[in-house]
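A.B. asks: have a look; sequence and predicted model below, questions after that.
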Amino acid sequence: MNIKKAVFPAAGFGTRFLPATKAIPKEMLPLIDKPLIQYSVEEAKKSGLEEIIIITGMGKTAIEDHFDISFELESLLKEKGKKEVLKMIQEASNLIHFSYTRQKKPLGLGHAILCAKNLVGREPFAVFLSDDVIDSRVPVMKQMVSVFNKYPATILAVQRVPKKEVHKYGIIKAEKVKDRLYRVFDMVEKPHPSDAPSNLAIIGRYILSPEIFDALEKTRHGAGGEIQLTDGLRKIVKEQDVYALEFEGTRYDAGDKLGFLMANVSYALKRDDLKDDFKRFLKGLIY
Ligand code: G1P
């Protein structure tokens, strides 16, 4: 079975980025000149997915506007002969098919995913957390879809993190199957370093089986008083195969100030139109 649908939880308040995110969704913060969420939407498209389901909330209409046609803007750009910019604007709205649904209460990531139940139906689907920006030769979701084609099961993206940082992530307990692939037996959301079963942290890319919806419906409030996806996955792991892929690529936590800065610097240094001047500027800062 092919993975066609991708769920993008985007209803959070972006509290780590206040006050910038008071009136602007954190998903719309720019990484150079594109909003964060567009990078993962492009990753979904490059990975062969066909439909994006965005879980929005109060104050998130800018996301819908961004991926919509802007008739006034497009005709203005046409009139002024700004073909390049026009092309970029149209690319965003022509990317892929979008659906939107709202998470009415901020009850956590697991609850946000549950809001997509009717739009997804009974088929395996992908989840993208667009805070996790991943720079890789092969899009991370494409790496995961390749694994899914051989092991049609739940697949989690993981990376090794320093022990002192395990409290920020879902951490898996797993056994190696082969290079970069693990069979998952259990996991824990944001453990204290002394309780962490490993240092393999779940990063914001998932392929989930539709049974996750049944599991999440039975999941009680966990860490931080929220319905955690990790707790739903703990139920799945008891009934079905779950694998974790240590993906190839560099991940930035763009929902965090330092991670966001690092992503901007690193992406700018790869851009032909910016890298020379920007490098010169950075060298001038180091003394
Ligand atoms: C979420 C998940 C966590 C995962 C992380 C990856 O946490 O709950 O398991 O490790 O994303 O970015 P959050 O960052 O939303 O607190």
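C.D. replies: Now that the structure is in, tell me what you want to look at.
A.B. asks: secondary structure class of V158, three-state.
C.D. replies: Secondary structure assignment for V158 (DSSP: H, G, I helix; E, B strand; the rest coil): strand.
A.B. asks: how far away is it from L36?
C.D. replies: 21 Å (Cβ to Cβ, to the nearest Å). (Glycine included, C-beta is placed from N, CA and C.)
A.B. asks: between those two, which has more neighbouring residues?
C.D. replies: It is V158, of V158 and L36, that has more neighbours when counted by other Cβ atoms under 10 Å, with 27 against 24.
A.B. asks: any idea of the pLDDT on that one?
C.D. replies: pLDDT recorded at V158 is 98.
A.B. asks: quick one, what contacts it?
C.D. replies: I172, Y182, L200, A201, I202, I203, A244, L245, E246, F247 (Cβ atoms under 8 Å, 6 or more residues apart in numbering).
A.B. asks: for the residue in the chain positioned nearest to the ligand, list each beta-bridge partner.
C.D. replies: Residue of the chain nearest the ligand, by Cβ to the nearest ligand atom: G170 (2.6 Å). The partner list for G170 in beta bridges (DSSP bridges) reads E189.
A.B. asks: which residues does the one helix or strand in the chain whose mean pLDDT sits lowest contact?
C.D. replies: One helix or strand of the chain scores below all others by mean pLDDT, DSSP states H and E: helix 83-94, with a mean of 80. For helix 83-94, contacts defined as Cβ under 8 Å, 6+ apart pick out K34, Q38, H66, F67, D68, I69, S70, L73, E74, L77, K78.
A.B. asks: quick one: strands adjacent to the helix or strand just after that helix?
C.D. replies: Reading on from helix 83-94 to the C-terminus, the next helix or strand found by DSSP states H and E is strand 97-102. Strand 97-102 pairs in its sheet with strand 51-56 (parallel), by DSSP bridges.
A.B. asks: returning to what we had before: distance to I212, pLDDT and neighbour count for the contacts of V158 - can I get that in CSV?
C.D. replies: Listed next are the contacts of V158 as CSV, based on distance: Cβ to Cβ, whole Å; pLDDT from 0 to 100; neighbours: other Cβ atoms under 10 Å:
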residue, distance to I212, pLDDT, neighbour count
I172, 16, 97, 26
Y182, 19, 98, 21
L200, 20, 98, 24
A201, 19, 98, 23
I202, 14, 98, 23
I203, 17, 98, 25
A244, 15, 98, 28
L245, 17, 98, 23
E246, 22, 98, 17
F247, 20, 98, 23
